[in-house]
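Enquirer: for reference, the sequence and a predicted model appear below.
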Amino acid sequence: MTDGQSPGPSIQDRYFADLMCFGCGPANERGLQLKSYPADEGTMATFTPWPEHDNGLGYLNGGIICTVLDCHSATPMLLEAERLGIVSTDLLLPFVTAGLDVRYLRPTPLEGPSELRARVLSVTDAEMTVEAELINDGKTRASAVAVWRRWRPRPPA
């Protein structure tokens, strides 16, 4: 969403409309329904928490933060995998989360939307590293570095 035009379908809707993932699966009616879009550098999304996401102290729960950072970090990985020609319709995700290092920098308010940003830091044939952040009221509230490893399913024995 860089030029003010309609963003079209989200990356999640485009790549895996039938996915049941709690964080980003379009097919999970009870999930968070995260919708990410290409941006000038990487991807962006808006996430508005529900009252049920309260950590007990009036702020966004850390597990929900981790979930949206993980799910959103997949989106620049998918765009990069497509650019490299390693996305196929028979393989849902060409890479899977191998690690996620989350840093909680300051409490995230429950009121109003937060912005998610993510970008690819490094790429090899075997893995990608992605940086993601959650921003609320102009301040980075949490950041993460996600390692995505190439997934090649083994044929049935």
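Expert: Right, received. Where do you want to start? Residues are numbered from 1 along each chain as shown.

Enquirer: ok, Cys21 touching Val68?
Expert: No - using C-beta atoms under 8 Å, Cys21 is not in contact with Val68, being 11.3 Å away. For the C-beta atoms, the positions are set from N, CA and C on the backbone; glycine is no exception.

Enquirer: pick out whichever of those two has more residues nearby.
Expert: Neighbour count, other C-beta atoms under 10 Å: between Cys21 and Val68, Val68 has more, with 26 against 19.

Enquirer: measure the residue located most distally from the centre of the chain to Val96 for me?
Expert: Distance from the C-alpha centroid of the chain peaks at Ala157, with 33.1 Å (C-alpha atoms, centre = their mean). Distance, Ala157 to Val96, using C-beta to C-beta, to the nearest Å: 21 Å.

Enquirer: who does Cys46 bridge with?
Expert: Residue 46: Thr, not Cys. Legend: beta-bridge partners of Thr46 under DSSP bridges are Glu115.

Enquirer: and for Val96?
Expert: Beta bridges link Val96 to Arg149 when assigned by DSSP bridges.

Enquirer: ok, now which ones touch the residue positioned nearest the centre of the chain?
Expert: Centroid check for the chain by C-alpha atoms, centre = their mean gives His72 as the closest residue, at 0.8 Å. Neighbour list for His72: Cys24, Leu34, Ser36, Thr43, Ala45, Leu116, Ala118, Ala132 [criterion: C-beta atoms under 8 Å, 6 or more residues apart in numbering].

Enquirer: lowest-confidence one in those?
Expert: Lowest pLDDT of the contacts of His72: Cys24, 93.

Enquirer: on that earlier part again, gap between the closest residue to the residue nearest to the centre of the chain other than its chain neighbours and Ile11?
Expert: Closest residue to His72 apart from its sequence neighbours, by C-beta to C-beta, 6 or more residues apart in numbering: Leu116 at 4.4 Å. Note on Leu116: its distance to Ile11, by C-beta to C-beta, is 12 Å.

Enquirer: give me the common contacts of these two.
Expert: Shared contacts of Leu116 and Ile11 (C-beta under 8 Å, 6+ apart): Ser36.

Enquirer: as PDB, could you dump the C-alpha coordinates of the longest helix along the chain?
Expert: Longest helix in the chain, counting residues (DSSP state H): helix 62-83. Provided in PDB are the C-alpha atoms of helix 62-83 (Å, rounded to 0.1, in the frame of the first residue of the first chain):
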ATOM      1  CA  GLY A  62       2.600 -11.000  24.800                       C
ATOM      2  CA  GLY A  63       1.400 -14.300  23.200                       C
ATOM      3  CA  ILE A  64      -0.800 -12.300  20.800                       C
ATOM      4  CA  ILE A  65       2.100 -10.000  20.000                       C
ATOM      5  CA  CYS A  66       4.300 -13.000  19.300                       C
ATOM      6  CA  THR A  67       1.600 -14.600  17.100                       C
ATOM      7  CA  VAL A  68       1.100 -11.500  14.900                       C
ATOM      8  CA  LEU A  69       4.800 -10.900  14.600                       C
ATOM      9  CA  ASP A  70       5.400 -14.500  13.500                       C
ATOM     10  CA  CYS A  71       2.500 -14.500  11.000                       C
ATOM     11  CA  HIS A  72       3.300 -11.100   9.600                       C
ATOM     12  CA  SER A  73       7.000 -12.000   9.200                       C
ATOM     13  CA  ALA A  74       5.900 -14.700   6.800                       C
ATOM     14  CA  THR A  75       4.600 -12.200   4.300                       C
ATOM     15  CA  PRO A  76       7.900 -10.700   3.000                       C
ATOM     16  CA  MET A  77       9.300 -14.200   3.000                       C
ATOM     17  CA  LEU A  78       6.500 -15.300   0.700                       C
ATOM     18  CA  LEU A  79       7.000 -12.300  -1.600                       C
ATOM     19  CA  GLU A  80      10.700 -13.100  -1.800                       C
ATOM     20  CA  ALA A  81      10.100 -16.800  -2.400                       C
ATOM     21  CA  GLU A  82       7.800 -15.900  -5.200                       C
ATOM     22  CA  ARG A  83      10.400 -13.500  -6.700                       C
END
